[in-house]
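**Student:** predicted model, plus sequence, below.
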Amino acid sequence: MIFREPRTPSLLVLGLGNVLLRDDGFGIQLLRRIAEAYVEEVRVECVDGGTQGLALLGLLEGREAILVLDAWQQGDAPGTLHLTQDPLAQPTCRGISAHEGNATELLAACSLTGELPRRVTVLGVEPQQLSTGIGLTPPVERSVEEAFSTACGLIESMLLEIVESMEAKTHA
């Protein structure tokens, strides 16, 4: 009998943040909804990365695509959704997370190891409050449904792209 390592799911959905710092928990709360919606999808792995920063580097290896969910301060109105499909190319993403160990540092380190997939998307929300407390503020809470819809659309698009890429490789 041959034993094989389980295959790494093609798409990683990574929620970042601290649920004890109000709106910094946005990525984790959104991740929970996505995990429920995609519980049967074996090509998608949903991971609560908390505030682990570079300790998450190994999770990014071997992926076809990554979707990062996080609080993202840009100076816009609280609850505003931010989306980038090339987070390392945009100087405005340098402080992407509201917490230490931000997503940009993690993605940059993954890029240095040569493990960063071609498709990386960050979906974030403009936080209102990052002080100690539980629960999202009202403007951020109101953005969760739109963020969920956006994230599901991104996941479906990423999965389709992964399938098309695999088919192209088998026909080449």
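**Tutor:** Everything's here; your move. Residues are numbered from 1 along each chain as shown.
**Student:** switch to C-alpha atoms for all contacts and neighbour counts from now on
**Tutor:** Will do.
**Student:** buried set for the longest helix out of those in the chain?
**Tutor:** Across the chain, the helix with the greatest residue count (assigned by DSSP state H) is helix 138-171. For helix 138-171, the neighbour count (16 or more other CA atoms under 10 Å) marks 139-140, 143-144, 147-148, 151, 155, 158-159, 162 as buried.
**Student:** tabulate these (TSV), appending distance to residue 16 and pLDDT.
**Tutor:** As requested, those are exported to TSV (distance: CA to CA, whole Å; pLDDT from 0 to 100):
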residue	distance to residue 16	pLDDT
139	19	98
140	15	97
143	17	97
144	15	97
147	15	98
148	15	98
151	14	98
155	17	97
158	20	95
159	21	94
162	24	90
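**Student:** isn't residue 140 right up against residue 81?
**Tutor:** No. Between residue 140 and residue 81 there is no contact under CA atoms under 8 Å: 9.1 Å.
**Student:** which neighbours do these two have in common?
**Tutor:** Common neighbours of residue 140 and residue 81, counting by CA atoms under 8 Å, 6 or more residues apart in numbering, are 125-126.
**Student:** make JSON lines out of the buried residues of helix 138-171 and add distance to residue 125.
**Tutor:** As requested, the buried residues of helix 138-171 are exported to JSON lines (distance: CA to CA, whole Å):
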{"residue": "139", "distance to residue 125": "10"}
{"residue": "140", "distance to residue 125": "7"}
{"residue": "143", "distance to residue 125": "8"}
{"residue": "144", "distance to residue 125": "9"}
{"residue": "147", "distance to residue 125": "8"}
{"residue": "148", "distance to residue 125": "12"}
{"residue": "151", "distance to residue 125": "12"}
{"residue": "155", "distance to residue 125": "18"}
{"residue": "158", "distance to residue 125": "21"}
{"residue": "159", "distance to residue 125": "23"}
{"residue": "162", "distance to residue 125": "26"}
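**Student:** show me the contacts for the residue sitting nearest the centre point of the chain.
**Tutor:** In the chain, the C-alpha nearest the mean C-alpha coordinate belongs to residue 68, at 1.2 Å (CA atoms, centre = their mean). Contact analysis of residue 68 by CA under 8 Å, 6+ apart lists 13-16, 27, 103, 120-123.
**Student:** which of the residues you listed fall in helices?
**Tutor:** 27, 103.
**Student:** can you list which of the contacts of residue 68 are found in strands?
**Tutor:** Among the contacts of residue 68, the ones falling in strands (DSSP state E) are 13-16, 120-123.
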